[in-house]
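Below: sequence and its predicted model.
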Amino acid sequence: MRLSAVATLASLALATGLGDARAMDASLHAEYLAFAAPVSAWTTDRVRPEEVSGLDIVEMRDLGRVPVVDLTERPDDLWERIRNGFAIPNLDGPLVVERQAWYAQRPAQLKIMVERSRRYLYYIVEELERRGMPTELALLPMVESAYNPMAYSPAHASGLWQFIPSTGKTYKLEQNWWYDARRDIIASTHAALDYLQFLYEMHGDWHLALASYNWGENAVARAIEKNRKAGLPTDYASLSMPDETRYYVPRLQALENLVANPVAAGIDLDPIPNRPYFVTVTLTRDIDLRVAAKLAEMQVEELVRLNPGHNRPVIETSVAPTLVLPADRAERFARNLADHDKPLSSWTTYAAKSGDRVERVAAAHGMTLDRFLAVNGLTRNARLSPGQPLLVPVKGAGAEPLPASALPPTARAPAAATPRPAKPVASATGAKKPVKSAKASPPAAKRVAKAPARPAAKPADPSRSAPAVKVATR
């Protein structure tokens, strides 16, 4: 298999300082749709160096002089802002060239990944700049999850930043029956940047910090110590590491190169407005995601993409009181909410009793078995434990679960799940991910705050008040 001349030459042009291109053995991989696939899953079709040098030149582009950047002027395009904040030393080598070619040859897949990122990039860039961190790190979810907040790996890593359960707990990312903060855009971003800062402070080197994020800081520390004892260099490129980690930083560098100069790579990178994409709304009463979407006048699937942390079709405000809305939908949500005189939720909780079976509970509450299992994240052979919380419709409410495309990747109830009282949930107003190693604890000072508990709900008065809403720009 041969690269097109433009794509190949563009990849070589982007990777400056690589030395003699004839010495490069660029491994070109067969079509594999999941960007985060492990190296072991790839198939290769080798291209000899002489084949690269013998390509017919289809087009030569004069990219012109590198423009002078005025950092005091706020760019209109978020990509330009990201480019201005690049600060990690460049990594050069055949693996970077190979990854550039891999991405550049898949423009349709790259476009999907970039389109997903549009919802989240502004917020992540804001957080990086606030902390004084390199903006290349805003591209890291492309490597981790292809910017899919529902991404879930065989090692149970979840969300944009692919936290495994133990590391999520270390960084105070709550994981319970109602909610998994590893998928929450805001909470997981705070935790990921906390962790990356900790790793950089540990190593003083971003390449080693990124390798630690993928492989685990203890594993990287052992590799460094092994080289030190052998009198070998201890930089990222000199360490012995798994293939997955060996390709990890080159993937990020390849994406950085494509963003830095998309014209040279022959790709289209549509501008992203340099302004907040979403705002947050603090709720004081529970609400179905379907109802929230209706009040915001948007599709429920799009609402879930901004609020992917919920395991159930209802926002339980005592666990996660924040609703994320597109910036242009907050006003109409608040206006429609104030005029809303119907129940905000059609779900309630039922505490399983001894001897309960899923078929019987489903039938007793007028649900098909498949719908009951989907809503509660259960399988057909699930055994119910006494006191286990189960979500069922309020009698006569006609509750609707989320569409299949908006369901979380897994919603199994933790053994220690705590049910809330059996009551209506709301008042009447209101690409396969590679296996990730476990990561050690961060400094105690770096934490993501836990959602505050909600006071006991008061009886609702439909004629008087809607849930209090506080809007914050993100």
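Alright, I've got the coordinates.

C-alpha coordinates for the helix or strand that contains Thr167, CSV please?
In the assignment (DSSP states H and E), Thr167 maps to helix 165-170. The C-alpha trace of helix 165-170 is given here as CSV (Å, rounded to 0.1, in the frame of the first residue of the first chain):
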residue,chain,number,x,y,z
PRO,A,165,-11.9,3.3,38.5
SER,A,166,-9.1,3.3,41.0
THR,A,167,-7.4,6.5,39.6
GLY,A,168,-10.8,8.1,39.4
LYS,A,169,-11.4,7.5,43.1
THR,A,170,-7.9,8.8,43.9
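
residues of that helix that come out buried?
Across helix 165-170, burial judged by 16 or more other C-beta atoms under 10 Å covers 165, 167-168, 170. In short, each C-beta sits where N, CA and C put it, glycine included.

residues in contact with stretch 272-280?
Contact partners of stretch 272-280, identified using C-beta atoms under 8 Å, 6 or more residues apart in numbering, comprise 74-81, 118-123, 186, 306, 322-327, 330, 471-474.

what's the first-to-last distance across it?
20 Å (C-alpha to C-alpha, to the nearest Å).

burial count for Ala230?
Residues near Ala230, counting by other C-beta atoms under 10 Å, number 8.

same question, His365
Neighbour tally, His365, other C-beta under 10 Å: 17.

gap between the helix holding Thr167 and the chain center?
Relative to the chain's own centre, helix 165-170 is displaced by 15 Å; criterion: C-alpha atoms, centre = their mean, to the nearest Å.

what's the following helix or strand after that helix?
helix 185-203.

avg pLDDT for whichever helix or strand comes after that next one?
Next helix or strand after helix 185-203 toward the C-terminus (DSSP H and E): helix 206-215. Per-region confidence: helix 206-215 scores 98 on mean pLDDT.

Ok, stretch 294-302 next?
97.

Mind exporting the C-alpha coordinates of it to CSV?
Only the C-alpha atoms of stretch 294-302 are listed here, as CSV (Å, rounded to 0.1, in the frame of the first residue of the first chain):
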residue,chain,number,x,y,z
LYS,A,294,-37.4,19.7,26.0
LEU,A,295,-37.2,22.8,28.2
ALA,A,296,-33.9,23.7,26.5
GLU,A,297,-35.5,23.0,23.0
MET,A,298,-32.8,20.6,22.0
GLN,A,299,-32.3,16.9,21.2
VAL,A,300,-31.9,14.7,24.2
GLU,A,301,-28.9,13.0,22.5
GLU,A,302,-27.1,16.4,22.3
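
Pick out the residue nearest the middle of the protein.
Leu160 (1.1 Å; C-alpha atoms, centre = their mean).

That one: helix or strand, and which one exactly?
Applying DSSP H and E, one finds Leu160 in no helix or strand.

helix, strand or coil for the nearest residue to it once chain neighbours are set aside?
Closest residue to Leu160 apart from its sequence neighbours, by C-beta to C-beta, 6 or more residues apart in numbering: Pro141 at 4.3 Å. The three-state label given to Pro141 by DSSP: H, G, I helix; E, B strand; the rest coil is helix.

what's the spacing between Pro141 and Tyr147?
From Pro141 over to Tyr147 the distance is 5 Å, taken as C-beta to C-beta, to the nearest Å.

more neighbours, these two?
Pro141 (27 against 23).

hang on, Leu337 packs against Leu295?
Yes: applying C-beta atoms under 8 Å, one finds Leu337 in contact with Leu295, separated by 5.3 Å.

quick one, which of those two is more surrounded?
Legend: neighbour count by other C-beta under 10 Å for Leu337 and Leu295, higher for Leu295 (25 against 22).

Quick check, that one in contact with His340.
Yes: if you go by C-beta under 8 Å, Leu295 and His340 touch, sitting 6.5 Å apart.

Filter the contacts of stretch 272-280 down to the ones in helices?
Mapping the contacts of stretch 272-280 onto helices (DSSP state H) picks out 78-81, 121-123, 186, 306, 330.

Quick check: mean pLDDT of the helix holding Thr167?
97.

Any stretches of the stretch 351-474 of the chain with poor pLDDT?
Regions of the stretch 351-474 of the chain meeting the criterion pLDDT under 70 cover residues 410-474.

Swap in 90 and give it another go.
Within the stretch 351-474 of the chain, the ranges that satisfy pLDDT under 90 run 395-474.

circling back to that earlier point, closest to Leu208 among the ones in helices among the contacts of stretch 272-280?
Leu121 (25.4 Å; C-beta to C-beta).

before we move on, which element is Asn257 in?
helix 243-260.

Actually, Ala155.
With DSSP H and E as criterion, Ala155 is part of no helix or strand.

That one: how many residues sit nearby?
15.

where along the stretch 201-350 of the chain do the strands fall?
278-282, 287-288, 314-315, 322-326, 347-351 (DSSP state E, counting those that start in this stretch).

Identify the neighbouring strands of the first one in the sheet and state each direction.
If I follow you right, that is strand 278-282. As defined by DSSP bridges, the strand partners of strand 278-282 come to strand 322-326 (antiparallel), strand 470-473 (antiparallel).

what does the first one rub up against?
The set of residues that contact strand 322-326 without belonging to it, under C-beta under 8 Å, 6+ apart, is 185-186, 277-283, 287, 292, 296, 298, 302-303, 306-307, 315, 333, 451, 474.

circling back: got the angle between the helix holding Asn257 and helix 206-215?
130 degrees (axes from the mean of the first three to the mean of the last three C-alpha atoms, to 10 degrees).
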